[in-house]
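J.: Just need the structure, nothing else, for what follows:
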Amino acid sequence: MAEKTATPSTNDERAQRRARRQALIDAGVQPYPIHSTVTAHAADLEERYAELPDGTDTEDVYSLTGRIRAFRKQGKAAFIVLEDCTAQIQLFCRVNDLPEDEWALLGQLDLGDIIGATGAVLRTRRGQLSIAPTHVELLSKSLRPLPEKFHGLTDREVRYRQRYVDLIMNPEVRDTFRKRSQIISLIRRYMEADGYMEVETPMMHAILGGANAKPFVTHFNALDRDFYLRIATELPLKRCIVGGLERVFEIGRQFRNEGMDLTHNPEFTSMEAYCAYSDLDGMKELTQGLFKTIAREVCGCEEGHEVITYQGQTVDMSGTWESLPLSEVASRACGEHVDMDTPIERLRQICEKHGIEWQENWGAGKLVFELYDELGEATLVNPTFVCDYPEEVSPLSKRKDDDPRLTDRFELVICGHEYANAFSELNDPVDQAGRFAEQVAAKGFGDDEAMGYDYDYVRALEYGMPPAGGIGYGIDRMIMLFCDAPAIRDVLLFPQMKPEVITRADIASQLPETTDNAAASVDALADDAEHGASNEAAAAHADAPALETGLTRDQAFDLLKKYNEDPFHIAHGQTLEGLMRYYAQKYDPANVEFWGQVGLLHDLDWEKFQDEVQHTVKAAELIEEAGGTKELARAIQTHNSDNNPDLPAPSCKMECVLFACDELSGLIQAAVLMRPSKSVMDFELKSLKKKFKDKRFAAGCDRDVIRRGAELNGMELDDLFASVIEAMKGIQPTCEGVE
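T.: Next up is the predicted model:
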């Protein structure tokens, strides 16, 4: 039996609605019946009876269902505005037309209730098309009041999180999603009419490929190995081209473990299409035809004058779209000519002039691309095919015959945003194998978005793939464009959001006073609501053997002091130990001791050896000499993998937490020392954000490592900051004397 919940206040409208629900049940009325009847919709009746004169009754009887949007009672008549999925219509209820119990039911109804009504069509003397019900039934009792009528639901955060209320209150939102469905349906028809076949490819990939993006990782229990949720459909689709399916496309979800902003959501929809014996020109023709068709059929444009407005900018899609080399767009943006022949030192200077960061291993192609990406793309408004991308940033595209440093690729840019990415597809297996090898090398330089080596895909190319053109479209961005929506969340029914804070009281207010069977406590429900996925992950590893360090905590601490005399290094080890224990309680309670010793000994060798590349290599030797396990040594080594690619990279949650906490905790401690209290207990997120942005403060704390730590843990930077501050308050590390 569930525990009894607290009785809500009688002036709480939600409580009053629950009371009315219970009163109906006590009176024998089922507020959530199984059956309902629909024989017409409001918009159909408006069209069918558009010519019905005022004051005219008919004998035409229909059954309608919908939500009550307005209600007023005048003596022996009641007027209900009923809204269904098409429009609104008035119910003109009269006491003499309804059975006594159903007339009484009207007094128990609330705005937002879903009801069914059967009656004849009429038009009132005032010209209002109406239904005169002879039968009314409650189909679903609404226990929460709708937002206030005139102000509606305006808070964007609430609108995205509670999209169901947004759809109820805002007809224009419903129109956007109807238009989304219309566009996707139109895309399918257009592609099929052009001879393309729709196929479906796997969502889980053993090897990362098809795009440069950071993936989500999931565990495949049956095979006992980790897989990536797909970031693109490219490589499976091109296997279809090898197999003789000459025109294929797929519309589907992709998953990229990256940030969220106006044009990005970690989970999004794309379409990729591949056409054998085509090339980049074929993809341009396909794209222009598709976009113009959508403009005509969805936006009402006339053929030859496909002009729309997006966020106040006029976009002219008619005629033949302009094609520009990427270097030309970059040159215009930075005010001087740049291309693949521009000396690397000069390209670096131009990047620095415009505040663009660069890396030592970047060649001319990558530097020119960064100038375009940071400065040039935003300058393009009308549809433009930006062509001739450097090979360095195009690992799956064919090189151009006249300049092998460039590839036969374009991106479609409209209003400063990318809408499509197309290639003359690389089909030389030897060249492709070399490109994959370069991508794996890029991983060694810290590029966590680089692709893996796909042996099977190269093997497929070795059987021979015909020349082909390929393209990928961002469907969500396309819908933003044609719906004039400013943010991707406006065209996603359920965009990704930060988890909502749900209190124990929130859950208690939803529960029945009793249940027929055994039920979890409110505390258990609250824990499940807050930690559902984490709890499942922990349960999945519950039967795994506990991790052993081979050392007691005292032995580990003695080992730390043996190789470290500086109080700072000892205090830092203790701080990391506390943080790791804190997070172990949350993520891996069975291995708190293991996590703690990983934190305590993570910098064991730094004071005496201080070699960035060999850091933790010597620590592993010292740990094993002292009787520590290889598992303990390995976990510690992962936090230096960014400096030494021969070391294992963080993979499990423990290793990702260590990587994130190490550098960030140092920055927090340095910032805390600047405060009068020298205590983390009054330290706030906004203070840390200011110190993080000030690169002169604690310059030795690598901001890129901290960003990488956030990515490894699938967190926004602010969320990581807040989490580690809270953890440090939880362990109250001693910062005095730490410099």
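J.: Farthest from the middle of this protein: give me that residue.
T.: Farthest-out residue of the chain from its mean C-alpha position, per Cα atoms, centre = their mean: residue 96, at 55.2 Å.
J.: How about the contacts made by that residue?
T.: residue 76 (Cβ atoms under 8 Å, 6 or more residues apart in numbering). C-beta: built from backbone N, CA, C; applies to glycine.
J.: wait, is it part of a helix?
T.: No - with DSSP: H, G, I helix; E, B strand; the rest coil as the criterion, residue 96 is coil rather than part of a helix.
J.: can you tell me how far it sits from residue 59?
T.: Per Cβ to Cβ, to the nearest Å, residue 96 is found 17 Å from residue 59.
J.: same thing with residue 212?
T.: Between residue 212 and residue 59 the computed distance is 67 Å (Cβ to Cβ).
J.: Just want to know which of these two has more residues nearby.
T.: More neighbours surround residue 212 than the other of residue 212 and residue 59, with 20 against 7 (other Cβ atoms under 10 Å).
J.: Is the more buried one part of a helix or strand, or is it coil?
T.: Assignment for residue 212 (three-state DSSP): coil.
J.: That one reaches residue 396, doesn't it?
T.: No - Residue 212 is not in contact with residue 396 according to Cβ atoms under 8 Å; the separation is 9.9 Å.
J.: Now do the strands in the stretch 451-600 of the chain.
T.: Taking DSSP state E, counting those that start in this stretch as the test, the strands found in the stretch 451-600 of the chain are 468-474.
J.: Format the CA atom coordinates belonging to the lengthiest helix in the chain as CSV.
T.: Longest helix in the chain by number of residues, with DSSP state H as the criterion: helix 171-193. Output of helix 171-193 as CSV, limited to C-alpha atoms (Å, rounded to 0.1, in the frame of the first residue of the first chain):
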residue,chain,number,x,y,z
PRO,A,171,-2.5,27.0,-32.1
GLU,A,172,0.5,28.3,-34.0
VAL,A,173,2.7,25.7,-32.3
ARG,A,174,0.3,23.0,-33.5
ASP,A,175,0.5,24.5,-37.0
THR,A,176,4.3,24.3,-36.8
PHE,A,177,4.3,20.6,-36.1
ARG,A,178,1.6,19.9,-38.7
LYS,A,179,3.9,21.7,-41.2
ARG,A,180,6.8,19.6,-40.0
SER,A,181,4.9,16.5,-40.8
GLN,A,182,3.9,17.9,-44.2
ILE,A,183,7.5,18.8,-45.0
ILE,A,184,8.9,15.3,-44.1
SER,A,185,6.1,13.6,-46.1
LEU,A,186,6.8,15.9,-49.1
ILE,A,187,10.5,15.1,-48.9
ARG,A,188,9.8,11.4,-49.1
ARG,A,189,7.4,11.8,-52.1
TYR,A,190,10.0,14.0,-53.8
MET,A,191,12.8,11.5,-53.3
GLU,A,192,10.7,8.6,-54.4
ALA,A,193,9.5,10.4,-57.5
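J.: Tell me which residues of that helix come out buried.
T.: 173, 176-177, 179-180, 183-184, 186-187, 190-191 (16 or more other Cβ atoms under 10 Å).
J.: Can you give the distance of it from its chain's centre?
T.: 21 Å (Cα atoms, centre = their mean, to the nearest Å).
J.: can you check stretch 75-95 too?
T.: Here the centre of stretch 75-95 is set off from its chain's centre by 41 Å, with Cα atoms, centre = their mean.
J.: hmm, who's touching that stretch?
T.: Residues contacting stretch 75-95 (Cβ under 8 Å, 6+ apart): 41-46, 64-73, 96, 103, 106, 109, 115, 117, 119, 122, 124, 128-133, 136.
J.: Please repeat the previous calculation with a cut-off of 6 Å.
T.: Stretch 75-95 is contacted from outside by 41-43, 66-72, 103, 106, 117, 128, 130-133, using Cβ atoms under 6 Å, 6 or more residues apart in numbering.
J.: and what of stretch 686-696?
T.: 671, 697, 721.
J.: now do 10 Å
T.: 664, 667-668, 670-672, 674-675, 684, 697-698, 701, 703, 706-707, 717-718, 721-722, 724-725 (Cβ atoms under 10 Å, 6 or more residues apart in numbering).
J.: of those residues, buried ones?
T.: Buried by 16+ other Cβ under 10 Å: 664, 667-668, 670-672, 698, 701, 703, 706, 717, 721, 724-725, out of the contacts of stretch 686-696.
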